[in-house]
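Student: 3D model of this:
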Amino acid sequence: MPAATAAHPAASAVTPTPRRAAGLRTWLALNGLGGADTPVSAALLRDARELREAIHRAGTAVAAGDVPDAVDEDLLNRWTARHHARLLLTGGRAQWRLPETDPVRAALAIVAVDAVVTLGGDVEGVIKRCEQPTCGGLFVDTSRGGRRRWCSMSTCGNKVKKANLKATRDGAASGHSSREN
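Tutor: The predicted structure is shown next:
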């Protein structure tokens, strides 16, 4: 698992969607990159959104077998250059220590480093886009056969399976089979 997500086992499944400063603080805390008292300004929130969108565009390009846009690569690379946090071994676990000055920018730099490591192919697995039509989420498929289709089986996978079951039942109820022979 990339270093930035080592502090929280579910961090790779947590997508940042900060709408307000409190949302960004919560997301950072869930991923071991801050706490409830972490100061978040409107400018930092804008920076987080810009970084999130660049990561998503770059990830979407990689998932499609393309190269990320140079503008997105440049933004990610500028953020990685801001990395001032330290990764420490504490109680047998890797934990990030953020600098006291500008801890949110340091946390966002860790996110950028993690994205570069993940999107650059330094992780086991393949970057994929969720196949649930309304999702658009990205994930790293580390399944044995490389056949994972959804970002989360408990949400998107179940939605697709439920829709397929309903379509099958509706087809059977109307006397039509949804399968062709």
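Student: kindly state the pLDDT recorded for the nearest residue to N77 once chain neighbours are set aside?
Tutor: Distances taken as C-beta to C-beta, 6 or more residues apart in numbering place V116 nearest to N77, at 7.5 Å, with adjacent residues excluded. Any C-beta I mention is one placed from the backbone N, CA and C, and that applies to glycine too. Looking at V116, its pLDDT reads 94.
Student: so which strand or helix has V116?
Tutor: helix 103-119 (DSSP states H and E).
Student: shouldn't E53 be within a strand?
Tutor: No. Applying DSSP: H, G, I helix; E, B strand; the rest coil, one finds E53 to be helix, outside a strand.
Student: wait, L76 sits on H56?
Tutor: No. At 11.4 Å, L76 and H56 do not qualify as touching, with contact defined as C-beta atoms under 8 Å.
Student: quick revisit: show me the contacts for the residue nearest to N77.
Tutor: Counting by C-beta atoms under 8 Å, 6 or more residues apart in numbering, V116 makes contact with 76-77, 80.
Student: next one: it from G145, what distance?
Tutor: 27 Å (C-beta to C-beta, to the nearest Å).
Student: just L98 next, same as before
Tutor: 39 Å.
Student: compare these two (neighbour count), which wins?
Tutor: Set L98 next to G145 and count neighbours by other C-beta atoms under 10 Å: L98 wins out with 21 against 6.
Student: so which residues of this protein form helices?
Tutor: Under the criterion DSSP state H, the chain contains helices at 21-30, 42-63, 70-81, 103-119, 158-173.
Student: which among those helices is found nearest to I127?
Tutor: helix 42-63 (4.7 Å; C-beta to C-beta).
Student: now that closest one, how far from the centre of its chain.
Tutor: 10 Å (C-alpha atoms, centre = their mean, to the nearest Å).
Student: that helix: which residues count as buried?
Tutor: Buried positions in helix 42-63, judged by neighbour count with 16 or more other C-beta atoms under 10 Å: 44-45, 47-48, 51-52, 54-56, 58-63.
Student: now stretch 114-124
Tutor: 114-119, 123.
Student: quick one: list the elements packing against the lowest-mean-pLDDT helix or strand in the chain.
Tutor: For the chain, using mean pLDDT, DSSP states H and E, the weakest element among its helices and strands is helix 158-173, scoring a mean of 75. Packing partners of helix 158-173 (3 or more C-beta pairs under 8 Å, 6 or more residues apart in numbering; DSSP states H and E): none among the helices and strands.
Student: what residues sit buried inside that helix?
Tutor: 159-160.
Student: so how far is that helix off the chain centroid?
Tutor: With C-alpha atoms, centre = their mean, you get 29 Å for helix 158-173.
Student: give me the residue ranges of this protein where confidence is low.
Tutor: 1-19, 173, 175-181 (pLDDT under 70).
Student: if anything else comes up later, I'll come back, but that's it for now.
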